[in-house]
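Q: Generate a structure from the sequence data that follows.
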Amino acid sequence: MTGIRRSYDEGCIAAHALDLIGDRWALLVVRELMLGPRRFGEVRAGLPGISANVLTERLAALAAADVVEREARAEGARAAAYRLTAAGLALWPVLDALCRWGAAMPGHDPRLSISPTALMLSMRAMCARERAGVHLAAFNLGDEAFTVRTGPGDYRVERGAAPAGGLRFAGGTNAIAAAIYGPAPLAEAAAAAIRFEGDLDEGQRFIDLFALRG
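A: Down below sits the predicted model:
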């Protein structure tokens, strides 16, 4: 029954963690906030299967667990935003491990909806940093924009438009995901499903850093 928090009633610290973040949708709410504050409607847009009531409950439970906090409503803002606390941001290694573990398991259907934030975080998890060159990549995914920077041993992503230049990807999130992870070369994806600007060879080297399976 929704609205009732359950406990495993165990002294196990893993069980304690699941008491705090183990409810359905809880970690996906955390995922949507991992790259910065989001308003209620923005979080819900990234989780198309969640109801408003359940999202309200999850945000309240995560706030009670000191994982999420509500920002003060800015003057003139339509709604307050939610952001992760230090404890919430510390859940990134959990999401990273889940991405890697899930990628190795059969049954993943890439045709299902993926949110822009989820794609950016999957790339953060799956990037072959040991092979990374210096790249600046802009991603325009509908109403959301992201900037990715890579370098030897490094991958960084932030929400917001990238400066001019570099590599520029635009299109639907699933189409961009297919271009990044799919077997087709970037030139083929750019001709058929997405918009790409920049040096095509550099773009191919960039997307070659990402694979769902080794």
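
Q: residues near the closest residue in space to Gly133 that isn't next to it in sequence, how many?
A: Nearest residue to Gly133, sequence neighbours excluded (C-beta to C-beta, 6 or more residues apart in numbering): Arg205, at 6.3 Å. From N, CA and C alone the C-beta is placed, and that goes for glycine too. Using other C-beta atoms under 10 Å, Arg205 has 17 other residues around it.

Q: when you give positions from now on, start the count at 509
A: Sure, I'll start counting at 509 from here, so that last one is Arg713.

Q: Arg713 contacts Ala645, correct?
A: No - if you go by C-beta atoms under 8 Å, Arg713 and Ala645 don't touch, sitting 11.1 Å apart.

Q: Residues in contact with stretch 530-537: which ones?
A: Residues from elsewhere that reach stretch 530-537, judged by C-beta atoms under 8 Å, 6 or more residues apart in numbering: 513, 529, 551, 555, 558, 562-563, 566-567, 569-570, 576, 599, 602-603, 606.

Q: ChimeraX command for the buried members of those?
A: With 16 or more other C-beta atoms under 10 Å as the criterion, this ChimeraX line picks the buried residues out of the contacts of stretch 530-537:
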select :529,551,555,558,562,563,566,567,569,570,576,599,603
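
Q: which residues in the chain form helices?
A: Secondary structure of the chain (DSSP state H): helices at 521-529, 534-541, 548-553, 560-572, 594-597, 600-611, 624-634, 681-689, 694-700, 708-715.

Q: Show the secondary-structure elements that the longest one is packed against.
A: For helix 560-572, the elements it packs on are helix 534-541, helix 548-553, strand 576-578, judged by 3 or more C-beta pairs under 8 Å, 6 or more residues apart in numbering; DSSP states H and E.

Q: got the angle between it and helix 534-541?
A: Interaxial angle of helix 560-572 relative to helix 534-541 (axes from the mean of the first three to the mean of the last three C-alpha atoms, to 10 degrees): 80 degrees.

Q: who's Ala653 bridged to?
A: Ala653 has these beta-bridge partners by DSSP bridges: Asn648.

Q: And for the one 4 residues further on?
A: The partner list for Arg657 in beta bridges (DSSP bridges) reads Leu644, Arg664.

Q: isn't it right next to Pro671, touching?
A: No - Arg657 is not in contact with Pro671 according to C-beta under 8 Å; the separation is 10.6 Å.

Q: Between the two, which is the more surrounded one?
A: Arg657 (16 against 8).

Q: thinking again about what came up before, how much space between the residue nearest to Gly641 and Glu696?
A: Distance, Arg713 to Glu696, by C-beta to C-beta, to the nearest Å: 16 Å.

Q: what do you get for Val575?
A: 42 Å.

Q: So which of the two has more stuff around it?
A: More crowded of Val575 and Glu696, by other C-beta under 10 Å: Val575, with 24 against 12.
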